[in-house]
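A.B. asks: Here's my sequence, what's the structure:
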Amino acid sequence: MTLDTRSATGRTDAALAGPHAEVDGSVGTPLSRRPEGAVVGEVHEHESATLHVTGAALYTDDLVGRMQDLLHAHPVQVPKAHARVTGLDVSPAYDVPGVVRVLTAADVPGVNDAGVKHDEPLFPTEVMYHGHAVCWVLADTLESARLGAAAVVVEYVELPALVGVEEAVAAESFQGARLAIQRGDAGAGLARATHVFEGVTTCAGQEHFYLETHCSMASVDESGQVFVQSSTQHPSETQEIVAHVLGLADHAVTVQCLRMGGAFGGKEMQPHGLAAVAALGATLTGRPVRLRLSRAQDMSMTGKRHGFHATWKVGFDDDGLFTGLAATLTSDGGWSLDLSEPVLSRALCHIDNAYWIPDVAVEGRIARTHKTSQTAFRGFGGPQGMLVIEDIIGRCAPQLGLAPAELRRRNFYAEGQATPYGQEVRHPGRLVTAWDQVLAESSYAGRRAAIEGWNAAHPHRKRGLAVTPVKFGISFNFTAFNQAGALVHVYKDGSVLINHGGTEMGQGLHLKMQQVAATALGVPLPTVRLAPTRTDKVPNTSATAASSGADLNGGAIKDACEQISARLAPLRAAMPDASWGELVSAAYFQRVQLWAAGFYRTEGLSWDSATMTGSPFKYFAYGAAVAEVEVDGFTGAYSTRRVDIVHDVGDSLSPLVDIGQIEGGFVQGAGWLTLEDLRWDESSGDTRGRLTTNAASTYKIPSLSEMPAQFNVSLLQDAHEDGAVYGSKAVGEPPLMLAFSVREALRDACAAFGPPGAVVQLASPATPEAVYWALSAARESSS
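C.D. replies: The predicted structure is shown next:
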């Protein structure tokens, strides 16, 4: 693989320097304006990069050696997708040497539930998915705990299980609210269309496959204070769940997240119950408890990206413009709600992607199946909603006699237009700029002609080329979550310690926060150090999710730093030539407060969940990608030859980190769309409902061999966002959806095996098998 210089480490070119490398102090609002000499926008490596590559970075499970008399937890799982527990005999477990305690529902002093919707019993009497844990064994060693768990006798009566979404729909097995977005009259829009198409689009879920599996360690001090080390994206919510399981007030529980080895949304809700089990064990035994899932346990017990099933009917006029869309989206929520309602809400809010559709009626519902409780995953429903409209365009363009790229471009939002839920689309011209730039940088037109010639000369191999856009809304759909806090301490020697509510999972948030603090205080980056995220330092935090970590926590840190700077301003006026250290020392002796608590709330948001209308997003992030693939007509195997991306991150806080996030998000999206094939046993046999792709040997994630041979990434220039800290934009989730370009390029290659204008229906994920069947259908359409 070769990387263009625009996406290689250590670059000094303009793309790496990031948008607005030349600071204009007059640009933007007080929140977004950058001072001269800003540390934000500089190129710095990840704050833990050296620790990562040397193996010195500590994760939750690495803290085991620091605890005395540690107990290990192991689940007792029931190998049925749906069953009623009729008997539980834990006494045989105590015959296993080393077993100390078996935790059951009878041991819970508070509420036996680990879900925020109160629909997830921590120790259930009804098994709701294959591998559901009904109790936990604590022992001196993990092996003793495993043997003890195997000795527990669980009696149960098997019940009928719904495994597939279509089974659940047929059985009318739904949960949660039914949602709908409507603008205008979709029926009238379809009636005035000159071309009407309808179809079904489905997509599979996706396993997070973070390198660090779920882990929690809990201990109790002499005063009864519970301390939980957890690999969690949402320490405050983990704190709340642990507290209510133990029957304690929140202040009696402290949760710390040192760092995570990946999360991608999978550690937003799922850690809570595991942390509660560890805390319950520590409370009952007086000994520290470690709970770490093995890879097989993690995959079989924790939630994944929601699979979706969509039916749709769409209309176009003779110019290829949308006239109306009617669709029903059904998500596979698994056995409990978890975050399924907001995931569905975001899917509905993103079904338009970058396109103006005048009349829209979209309904959403959540299927209840006997699977793991599906949860947040990078994009949070947005990718599933966008897939529907991109699949529609890919399938309808040939029937309209238009190139897919042309059909997409004709339907872009224009200035003054609003989304189906009523939010104005600000700066739509930036999407056009990104689109035009990526077409130019990728030499799209010339390569399109070259590929047509290449395909004509190669009957058994075909190449495909596609370009797709992204418009992704940034903020939590639930308005109250759009707040953050921070603590900033300036010590007498001038060194600075910051603590904020965001968690670090490898995405570079901590580095960005150091850069924000250094910029706001006007000090060099090494002056600023970060403390681990803890609930006793910054309370009531929101999850590090929704791509909002830098926006929210950066705003809070900037607020705290500006409070300190304001206190120092009179001294600075009296000591204009003093160094930072001299200024701070003088402030101390004059009894000036050198620490501050900062707070930030995102302004301008509104959302009515009953009518599904409002302005739930602070801004939209834009991007465009061109992908080229080559497909083998005998096997369906393919390779991604080249990818070009232009993405909008506003004025980048940390360009090297942002480009890494764009590359990583894109590859993860390509994995979801082309490789990662979650399979549950849908047979009527004894293993019905079992996750069959439960290890790296059966579940394929992208590796180096799936990377594009040429991978070019540019940051969109002149994209200052005046509603965010130092003019930046979120980068965590939007790039994932740039991978639609790979799926559409595969469709283009498959179509080349058939006659001109062949319509290709492509499964998602578009595995080599699925690609083979798609290209075979294209071939058959010519006979």
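
A.B. asks: For the stretch 251-400 of the chain, which segments count as strands?
C.D. replies: Along the stretch 251-400 of the chain, the segments classed as strands by DSSP state E, counting those that start in this stretch run 253-257, 289-292, 308-316, 322-332, 359-367.

A.B. asks: Turn these into CSV, including mean neighbour count and mean pLDDT.
C.D. replies: (C-beta placed from N, C-alpha, C; glycine too.) As requested, those are exported to CSV (neighbours: other CB atoms under 10 Å; pLDDT from 0 to 100):
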stretch, mean neighbour count, mean pLDDT
strand 253-257, 26, 98
strand 289-292, 26, 98
strand 308-316, 23, 98
strand 322-332, 23, 98
strand 359-367, 24, 98
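
A.B. asks: Between the ones you listed, which one is closest to residue 110.
C.D. replies: Taking CB to CB, strand 253-257 is the member of the strands of the stretch 251-400 of the chain nearest to residue 110, at 11.1 Å.

A.B. asks: Could you list the low-pLDDT ranges of the protein?
C.D. replies: For the chain, applying pLDDT under 70 flags the ranges 1-26, 783.

A.B. asks: List the buried residues for the longest helix along it?
C.D. replies: In terms of residue count, the longest helix belonging to the chain (DSSP state H) is helix 549-574. Within helix 549-574, the residues that count as buried by 16 or more other CB atoms under 10 Å are 549-564, 568, 571.

A.B. asks: before we move on, back to that, for residue 717, which of the strands of the stretch 251-400 of the chain is the nearest?
C.D. replies: The nearest among the strands of the stretch 251-400 of the chain, by CB to CB, is strand 322-332 at 30.0 Å.

A.B. asks: Pull out the CA atoms of the closest one and give them to me as CSV.
C.D. replies: The C-alpha trace of strand 322-332 is given here as CSV (Å, rounded to 0.1, in the frame of the first residue of the first chain):
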residue,chain,number,x,y,z
PHE,A,322,-36.6,13.6,-6.4
THR,A,323,-40.3,14.3,-6.1
GLY,A,324,-41.2,12.1,-3.1
LEU,A,325,-40.1,9.3,-0.8
ALA,A,326,-42.1,6.9,1.3
ALA,A,327,-40.2,4.4,3.4
THR,A,328,-40.5,2.2,6.5
LEU,A,329,-37.3,1.4,8.4
THR,A,330,-37.2,-1.5,10.8
SER,A,331,-34.2,-1.9,13.0
ASP,A,332,-33.2,-5.2,14.8
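
A.B. asks: Quickly find the element holding residue 487.
C.D. replies: Counting by DSSP states H and E, the element that carries residue 487 is strand 483-490.

A.B. asks: Run me through the strand neighbours of whatever helix or strand comes next after that strand, direction for each.
C.D. replies: Of the helices and strands lying after strand 483-490 in sequence (DSSP H and E), the nearest is strand 496-500. Strand pairing for strand 496-500, using DSSP bridges, gives strand 483-490 (antiparallel), strand 528-530 (parallel).

A.B. asks: which other helices and strands contact the next helix or strand after strand 496-500?
C.D. replies: Downstream of strand 496-500, the next assigned helix or strand under DSSP H and E is helix 509-521. Contacts defined by 3 or more CB pairs under 8 Å, 6 or more residues apart in numbering; DSSP states H and E place helix 509-521 against strand 483-490, strand 496-500, strand 528-530, helix 549-574.

A.B. asks: closest one to residue 625 among the ones you listed?
C.D. replies: So among those, helix 549-574 is nearest, using CB to CB, at 22.3 Å.

A.B. asks: Which strands or helices does that closest one pack on?
C.D. replies: Counting by 3+ CB pairs under 8 Å, 6+ apart, the packing neighbours recorded for helix 549-574 are strand 483-490, strand 496-500, helix 509-521, helix 580-589, strand 595-601.

A.B. asks: for these, which one sits closest to residue 239?
C.D. replies: strand 483-490 (14.3 Å).

A.B. asks: Just want the angle from that closest one to strand 595-601.
C.D. replies: Counting by axes from the mean of the first three to the mean of the last three CA atoms, to 10 degrees, strand 483-490 lies at 160 degrees to strand 595-601.

A.B. asks: what angle separates strand 483-490 from helix 580-589?
C.D. replies: Strand 483-490 runs at 90 degrees relative to helix 580-589, counting by the same axes, to 10 degrees.

A.B. asks: how much does strand 483-490 deviate in direction from helix 509-521?
C.D. replies: Interaxial angle, strand 483-490 versus helix 509-521 (the same axes, to 10 degrees): 60 degrees.

A.B. asks: Can you give the contact residues for strand 483-490?
C.D. replies: 496-502, 513, 517, 521, 537-542, 552-553, 555-557, 559-561, 564, 584, 594-602 (CB atoms under 8 Å, 6 or more residues apart in numbering).

A.B. asks: which residues does residue 76 bridge with?
C.D. replies: For residue 76, the beta-bridge partners are residue 135 (DSSP bridges).

A.B. asks: I'd say it and residue 153 touch.
C.D. replies: No. Between residue 76 and residue 153 there is no contact under CB atoms under 8 Å: 9.5 Å.

A.B. asks: more neighbours, the two?
C.D. replies: Taking other CB atoms under 10 Å, residue 76 and residue 153 do not tie; residue 76 has more neighbours (24 against 12).

A.B. asks: Contacts only, for the more buried one.
C.D. replies: Neighbours of residue 76 in contact, by CB under 8 Å, 6+ apart: 133, 134, 135, 136, 137, 149, 152, 154.

A.B. asks: switch to 10 Å and redo it
C.D. replies: By CB atoms under 10 Å, 6 or more residues apart in numbering, residue 76 lies in contact with 88, 90, 93, 102-104, 123, 132-137, 148-154.

A.B. asks: any idea how far the residue of the chain positioned farthest from its centre lies from residue 590?
C.D. replies: Ranked by distance from the centre of the chain (CA atoms, centre = their mean), the top residue is residue 574, with 48.7 Å. In this view, residue 574 and residue 590 are 10 Å apart by CB to CB, to the nearest Å.

A.B. asks: Can you tell me which residue sits nearest the middle of the protein?
C.D. replies: When CA atoms, centre = their mean is applied to the chain, the residue found nearest the centroid is residue 378 (1.7 Å).

A.B. asks: Quick check: closest non-adjacent residue to residue 48.
C.D. replies: Leaving aside its chain neighbours, residue 48 sits nearest to residue 57 (5.3 Å; criterion: CB to CB, 6 or more residues apart in numbering).
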